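> Sequence and computational prediction follow.
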Amino acid sequence: MKKRKLKWNNIISFIILIILLIILIYSSIKIINWIKDNKKTNDVVNQINNIVDINEINDNKNTEVIKQNNLNKNNPYYDFIKMKLIDVDLTKLKKQNKDTVGWIQVKGTNINYPFVQTTNNNYYLNHSFDKSLNGAGWVFLDYRNDINKFNKNTIIYAHGRLNKTMFGTLRNILKSDWLKQTNNHVIRMSTEYENTLWQVISVYKIKETNDYLQINFGNNEFKQFGNMLIKRSAYNFKTNINDSDRILTLSTCYDDNTRVVLHAKLIKREKK
């Protein structure tokens, strides 16, 4: 009996050892691939930065300020609309990747990238800007959106990378240091058609859901949608939503089941 018991103990120990070895090998491969993806992403980002100029521009006859109703005179909106827009020539980027549709810049984060769009929301989850396979993916516009004219809700996604690339620093928006700096509360964007400025209205962390990813709205639905986003915010930006507003949504993963989300509304635009 003792020999038989010892034999089974050895077999169980051997099986456990094999399982641990498999886990170790699998984890090592994941880490190696993660490091490789990071390097490839950094190389692509550096290449992009070497060929692109981001220019701040003064307001001109084509600049339109989106008026807001019922705002306190101390609302930062009045300071934000004095900010310069950014203008990015996308020509060289479109030669590298015809899916390029714009450039986005979020203050207080590392988000300062071109974004792309294709016919689905899956391809750029595991393909880089140069279309090579890469677990880091790239920053992409929801395939349902029309970049020629902003929908009521324009949605941009990217992975929340731990090395702070892509939307890895979007989680900064939940930190008091970011929230206290009022000048962080704007997003600047440049497309082929116009340059735009957006005022942040809501930031939060939430279990995975698609209720904030709606693009088309029926009568009276949009204002209810906007009020839901504002009510959900982890910080009171002291702003509101009108039926005529347009919203920009940034969404990324915090972990497998949680998302970090930012919403902003259009407050200034300039046709190119």
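Cool, the structure landed.
> Which parts of this protein are helices?
Remark: helices assigned in the chain by DSSP state H are 2-51, 77-80, 91-96, 176-180, 221-232.
> Ranked by average pLDDT, which of those falls at the bottom?
Ranked by mean pLDDT, the helices of the chain bottom out at helix 2-51, which scores a mean of 73.
> show me the contacts for D211.
M228 (CB atoms under 8 Å, 6 or more residues apart in numbering). Glycine gets a C-beta too; all of them are placed from N, C-alpha and C.
> swap that for R188, sorry
R188 sits next to M83, L85, I86, I104, Q105, N195, T196, L197, W198 when contact means CB under 8 Å, 6+ apart.
> among these, who's most crowded?
Tallying neighbours with other CB atoms under 10 Å puts W198 at the head of the contacts of R188, with 28 neighbours.
> quick one on the thing from earlier: how about the contacts of R188, which pair is most distant?
M83 and I104 (15.3 Å; CB to CB).
> shaky segments in the stretch 101-250 of the chain?
Within the stretch 101-250 of the chain, no stretch has pLDDT under 70.
> got the contact list for H127?
With contacts defined as CB under 8 Å, 6+ apart, H127 is in contact with L133, N134, G137, W138.
> for K92, same thing?
By CB under 8 Å, 6+ apart, the contact set of K92 is I51, V52.
> Can you show me the strands along the chain?
Taking DSSP state E, the strands of the chain run over residues 54-57, 63-65, 85-88, 100-106, 112-116, 140-141, 153-157, 186-191, 194-207, 247-255, 258-271.
> right, and those - which one's nearest M228?
M228 lies closest to strand 194-207 among the strands of the chain, at 9.2 Å (CB to CB).
> Kindly provide the distance from K95 to V52.
Computed as CB to CB, to the nearest Å, the K95 to V52 distance reads 12 Å.
> from what I can see N72 touches K238, true?
Yes: at 7.0 Å, N72 and K238 qualify as touching, with contact defined as CB atoms under 8 Å.
> These two - which one has more neighbours?
Neighbour count, other CB under 10 Å: between N72 and K238, K238 has more, with 13 against 10.
> Would you mark the buried spots in stretch 65-83?
Residues I66, Q68, N75, P76, Y77, F80, I81, M83 are the ones in stretch 65-83 that count as buried (16 or more other CB atoms under 10 Å).
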